[in-house]
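In: Predicted model and sequence below, questions to follow.
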Amino acid sequence: MRIAVVVLIVALLAGGALVLARQSSAPEPEPQPASRSSVGDPPSTPPVATGPKRGGRVIDVDVALKSLELIKPVKIKAVGDFTLPMPDGKTFRLSEHHGKMVFLNFWATWCEPCKEEMPAMERLWRSHQGQGFVMVGVSLDSNPKVVPPFIAQHKLTFPIALDAKMDVANTYGVRALPTSFIIDREGRMTALALGPRPWDNDAAHSLVEGLTR
């Protein structure tokens, strides 16, 4: 017997994510903390970055991952391809962006933590678009009609895709919103974030610059 879809909205400790409980056959991800022993604990002291510089910033991907408190997967492997419709009638296909760093963000219009991080995401996108960097926000709203007004209200310019049935979200094992996946130029998942992040700080810019070199 099928289990009815249930969406539970709870605070995910200090990360501020909204948790989704939904039946899925997708395997649970095997994340490995990059910088802390528990989700709610802030880093003790900022790491000292070493490495080449670009735009006055030191570029060190590992340091950026730790500073942003991102989770590194136990095994680095290629992510699954997908094609999703977009509000403007076009489609977004992940494999078409092979060779670029992809910032894949799952969100919904009713998700307050998602709204919290989107202005920073927009600033990151505007700073690096056209430089081997792709950002796509995948909406999990069950009613796609609510997405275009949201895009207009928040003046979002990065690509938005629609996953109303959560097919791609379930394939990727998404259990909380927002969830962001960092995919390198070879199409491999480098890290993921559960909950909002300050995506326009030096660490975020260094992460993009390091992975698009």
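Out: The structure has been received and is ready for your questions. Numbering: from 1, shown residues only.

In: Confirm for me that L194 is in contact with V174.
Out: No: under the criterion of Cβ atoms under 8 Å, L194 lies out of contact with V174, with a separation of 9.5 Å. C-beta: built from backbone N, CA, C; applies to glycine.

In: Run through this protein and note the low-pLDDT ranges.
Out: In the prediction, the chain carries residues with pLDDT under 70 at positions 1-16, 21-59.

In: What segments of the chain are strands?
Out: 11-12, 17-19, 31-33, 53-54, 57-58, 71-73, 83-85, 91-93, 101-107, 133-139, 160-162, 176-177, 179-183, 189-194 (DSSP state E).

In: dump the residue contacts of the spatially most central residue of the chain.
Out: Against the mean C-alpha coordinate of the chain, by Cα atoms, centre = their mean, the closest residue is S180 at 1.6 Å. Shown here is S180, whose contacts under the criterion Cβ atoms under 8 Å, 6 or more residues apart in numbering are 103-106, 192-193, 197.

In: what's across from it in the sheet?
Out: When bridges are taken as DSSP bridges, the partners of S180 come out as N105, A193.

In: repeat for T83
Out: When bridges are called by DSSP bridges, T83 pairs up with R93.

In: any idea how far it is from L162?
Out: Counting by Cβ to Cβ, to the nearest Å, the gap from T83 to L162 is 11 Å.

In: what's the answer for P87, then?
Out: Spatial separation of P87 from L162 under the definition Cβ to Cβ is 7 Å.

In: now H154
Out: As for H154, its distance to L162 is 16 Å (criterion: Cβ to Cβ).

In: If you count surrounding residues, which of these two has more?
Out: Higher neighbour count among H154 and L162: L162, with 18 against 12, using other Cβ atoms under 10 Å.

In: ok, the closest residue to that one other than its chain neighbours - how many residues close by?
Out: Nearest in space to L162, with sequence neighbours left out and distances taken as Cβ to Cβ, 6 or more residues apart in numbering, is P144 at 4.8 Å. Neighbour count for P144, taken as other Cβ under 10 Å: 14.

In: and what of F181?
Out: Using other Cβ under 10 Å, F181 has 21 other residues around it.

In: Which residue, neighbours along the chain excluded, lies closest to it?
Out: Of all residues not flanking F181 in the chain, L104 sits nearest, at 4.3 Å (Cβ to Cβ, 6+ apart).

In: thought that neighbour was touching D184?
Out: No: between L104 and D184 there is no contact under Cβ under 8 Å: 11.8 Å.

In: More neighbours: which of the two?
Out: Between L104 and D184, counted using other Cβ under 10 Å, L104 has the larger neighbour count: 22 against 19.

In: Distance check, the more buried one against D141.
Out: As it turns out, when the distance is counted by Cβ to Cβ, L104 lies 17 Å from D141.
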